[in-house]
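# Have a look at this prediction, sequence included:
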Amino acid sequence: MRILIVGTGYVGTTTGLIFCEMGHQVTGLDVDEQKLKALHAGKLHFYEPGLEELLSKHVQAGNILFTNNTNKAIKKNDVIFICVGTPKQEDGSADLTYVKNVAQSIGKHMKEYKVVVTKSTVPVGTAQLVTEWIKSCQKEPIPFDVVSNPEFLREGSALYDALNPDRIVIGTTSKKARGIMRELYQGFQCPIIETNPKSSELIKYAANSFLAMKISYINELARLCDRLGINVDDVSQGIGLDQRIGPHFLKAGMGYGGSCFPKDVNALLQTANANGIPLTILERVVQVNAEQSLYLLDKIKQGLGSNLAGKTVAVLGLSFKANTDDTRESPSLVLIDHLLKERANIKMHDPIVKLEEGTTGLPIGPHCQQLQTVAETVSGTDAVILCTDWDEYKQLDWMAIQLLMKQPYIFDGRNMVDKAVVEALGFHYTGFANH
Ligand SMILES: NC(=O)C1=CN([C@@H]2O[C@H](COP(=O)(O)OP(=O)(O)OC[C@H]3O[C@@H](n4cnc5c(N)ncnc54)[C@H](O)[C@@H]3O)[C@@H](O)[C@H]2O)C=CC1
Ligand SMILES: O=C(O)[C@H]1O[C@H](OP(=O)(O)OP(=O)(O)OC[C@H]2O[C@@H](n3ccc(=O)[nH]c3=O)[C@H](O)[C@@H]2O)[C@H](O)[C@@H](O)[C@@H]1O
C-alpha cells in the first residue's frame, strides 16, 4: 500500500518508519524545508533514541521519500495519515488550523478514492469536520473515507511504543476503510479496537487525561506523606502492585509537562465545558500540577532561606523528561521562571537540550546561563536542583560535586537520588516525600 504521512514531526516520522518496517512504501510530506532536508539525508531533526538508525536504513533502501509537493504526494498515495500539530489555543481548546489546511489540500488535489486517517490528537467531532473540509474543496464528488486512529507513543521511547502498542484504535463507519486499516496493521499482535470516530477521538483524550490524573493524585498524596513523614515511593509501590491500579505513572515529583498532557487535558476540559458536563476531577488535576513547581520552590526556600535573591542554583535537566530534547511545557523551565522572579541566579545543564536565546522565553544571559558540563554548572552554587530524570544524573559523583559547591544542598524534583548516600556525604537533601 502507498502511504502518505503528512507532518514529519515525532509522530509522523515514527509512524512512517513503522510502516516501512511493515513493508510499505512511504512518503513523508512537510511544509518545513529544513526538516525535509535533514530527513532526506537520513538525519532526525529531533532527539529520539533508536529512530535515526531506522530512518537512515529506510532512506538508503528507498522505502521512504520526503517531499514538499502536496499535489503530487496526495495524488500518488492511497492512505493519507494526518500527523500535524494540534496546539493549545488561548481558551484551552485544540487548534485545528493545520488539520484543516491538510484536509482542504486533500480535497483539492485528490483524483481517486483515499482513506484519510487522523493520527493527530483531535477533539470529538473532528472526523466529521475533516469530511466536510475535504468535500468543500472537491471540484467534483470523489469518494473517500475518514478514519480516526490515535497515536499512543511516548517521546523518548517512540520506536518501542509504536512497534509494541498496547492497543490500536480504529474509528470509522466505513467497512471499506476498516478493511484497509486492518490490512495495514495486520502484523501487530495487540488488541485492535474498532469503533466509531467519536469514540476513537475521545479514547485518546481520556487515556492521556487518566495518566495525568494518576500523576496529580500521587503528587497531592505526596504532600500528605511529607506532612506525615511517610515515603511516597513506598506508597506508590504498595498500591501499584494491585493489578487494578498498576505501577505506572505513580512517580511523585515536580509535575507533568511535555507537548501533550498539558494540552490534551485542557482540550478535554474545554470539550466537557462546551457540552455542559464539567469534568471537575480533571480541573483539579491541572491545578495540582500547576501547584507542584511552587511546592518545590517552597522546599527550596525552606532550605536556602526565604530570600533567594543573589543565591546561585544549578538546575540539572531542561527537557520535560529524560531521553527527549523536547522542552515544551517542561516543569524545569516553569521552576526556572519562578526562581528568576525570586532573583536567583540560574546555571543550567542538560545532556541534549541546548537552549538558544528566544526559543523558550527564558532571558538567557549572565543571570540565567547554560553550561556544558555538570562540573561547571554546579561550581560555586548554593544548591543543585534535579529536574529531569536523565540516567546521567543518576550516576553523579556527589563527593566531587560537593567540593565544587558553595553550600551542599540538593533538591530532587524527580526523587532520583539515593537520599541515604548523599546525606552520608553531608548534603542537605530534599525530595518529594521520600522520607
Ligand atoms: N509528540 C508525541 O509524542 C505525540 C503526539 N501526538 C499528537 O500527534 C500530533 C503531532 O504531534 P508531533 O509529531 O509532536 O508534532 P510536531 O510539531 O513535532 O510535528 C508536526 C509537523 O507537521 C508539519 N505540518 C504542519 N502543517 C503542515 C501541512 N499543511 N502540511 C505538511 N506538514 C505540515 C510541521 O511542519 C511539523 O513538522 C499532535 O496532535 C500531537 O498531540 C500523539 C501522540 C504522541
Ligand atoms: O499524546 C501524547 O503525546 C503522548 O503523551 C504521553 O507521552 P509523553 O508526553 O511523551 O511522556 P510521558 O512519559 O507520558 O510523560 C509525561 C510527563 O509526565 C511526567 N511523569 C510521568 C510518569 C510519572 O509517574 N510521573 C511523572 O511526573 C514525566 O516526567 C513527563 O513530564 C503519553 O504517555 C503517551 O501515551 C501519549 O501518546
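The structure has been received and is ready for your questions. Residues are numbered from 1 along each chain as shown. Ligands and ions are numbered 1, 2, ... in the order given.
# Next up, the contacts around the residue in the chain that ligand 1 sits nearest to.
Relative to ligand 1, the nearest point of the chain is residue 9 (1.9 Å; CB to the nearest ligand atom). In this view, the C-beta of every residue, glycine as well, is placed from N, C-alpha and C. Residues counted as contacts of residue 9 (CB atoms under 8 Å, 6 or more residues apart in numbering) are 35, 46, 83-85.
# and what of residue 63?
With contacts taken as CB under 8 Å, 6+ apart, residue 63 has the following neighbours: 20, 24-26.
# rerun at 6 Å
For residue 63, the set of contacting residues under the criterion of CB atoms under 6 Å, 6 or more residues apart in numbering consists of residue 20.
# What residues does the stretch 51-200 of the chain have near ligand 2?
Residues of the stretch 51-200 of the chain lying near ligand 2 by CB under 6 Å from any ligand atom: 121, 151-155.
# Could you dump those residues into CSV with distance to residue 289 added?
Written out in CSV, the entries for those read as follows (distance: CB to CB, whole Å):
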residue, distance to residue 289
121, 18
151, 22
152, 20
153, 22
154, 18
155, 18
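# coming back round to it: same list (the contacts of residue 9) but as CSV, adding neighbour count, pLDDT and distance to residue 285.
Output for those, formatted as CSV (neighbours: other CB atoms under 10 Å; pLDDT from 0 to 100; distance: CB to CB, whole Å):
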residue, neighbour count, pLDDT, distance to residue 285
35, 22, 98, 33
46, 17, 95, 27
83, 28, 98, 27
84, 25, 98, 27
85, 18, 98, 23
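# from those, which is closest to residue 318?
Looking at the contacts of residue 9 and their distance to residue 318, the nearest is residue 46, at 14.5 Å (CB to CB).
# any idea how far ligand 2 is from the closest one?
12 Å (CB to the nearest ligand atom, to the nearest Å).
# re the thing from before, relative to residue 176, which of the contacts of residue 9 is nearest.
Distance ranking of the contacts of residue 9 against residue 176, using CB to CB, places residue 83 first at 22.2 Å.
# The closest one is in contact with residue 7, isn't it?
Yes: because the distance of 4.0 Å satisfies CB atoms under 6 Å, residue 83 is recorded as touching residue 7.
# Just give me the neighbour total for residue 179.
Close neighbours of residue 179, defined as other CB atoms under 10 Å, add up to 11.
# How much space separates it from ligand 2?
For residue 179, the distance to ligand 2 under the criterion CB to the nearest ligand atom works out to 26 Å.
# which SS class is the residue of the chain positioned farthest from its centre?
Distance from the centre of the chain peaks at residue 140, with 39.9 Å (CA atoms, centre = their mean). Taking DSSP: H, G, I helix; E, B strand; the rest coil as the rule, one finds residue 140 in the coil state.
# can you tell me how far it sits from residue 134?
When distances are taken as CB to CB, to the nearest Å, residue 140 and residue 134 turn out to be 13 Å apart.
# mind showing which ranges of the stretch 101-250 of the chain have poor pLDDT?
Applying pLDDT under 70 to the stretch 101-250 of the chain flags no residue at all.
# where along the stretch 151-300 of the chain do the strands fall?
If DSSP state E, counting those that start in this stretch is used as the criterion, the strands of the stretch 151-300 of the chain fall at 168-171, 192-195.
# winner for burial among those?
Ranked by mean neighbour count, these are led by strand 168-171 with a mean of 22 (mean count of other CB atoms under 10 Å).
# does ligand 1 sit close to that strand?
No: contact check for strand 168-171 against ligand 1, using CB under 6 Å from any ligand atom: none in range, with a minimum separation of 12.0 Å.
# Would you mind pulling the contact partners of that strand?
When contacts are taken as CB under 6 Å, 6+ apart, the neighbours of strand 168-171 outside the stretch itself are 148-150, 181, 185, 192-197, 200, 203.
# near ligand 1, which residues of the stretch 201-350 of the chain?
By CB under 6 Å from any ligand atom, the residues of the stretch 201-350 of the chain that approach ligand 1 are 259-260.
# in the stretch 201-350 of the chain, which spans are helices?
Along the stretch 201-350 of the chain, counting by DSSP state H, counting those that start in this stretch, helices occupy 232-240, 261-274, 280-304, 331-341.
# Columns mean neighbour count on top of these, output as CSV?
CSV is the format used below for these (neighbours: other CB atoms under 10 Å):
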stretch, mean neighbour count
helix 232-240, 17
helix 261-274, 21
helix 280-304, 18
helix 331-341, 20
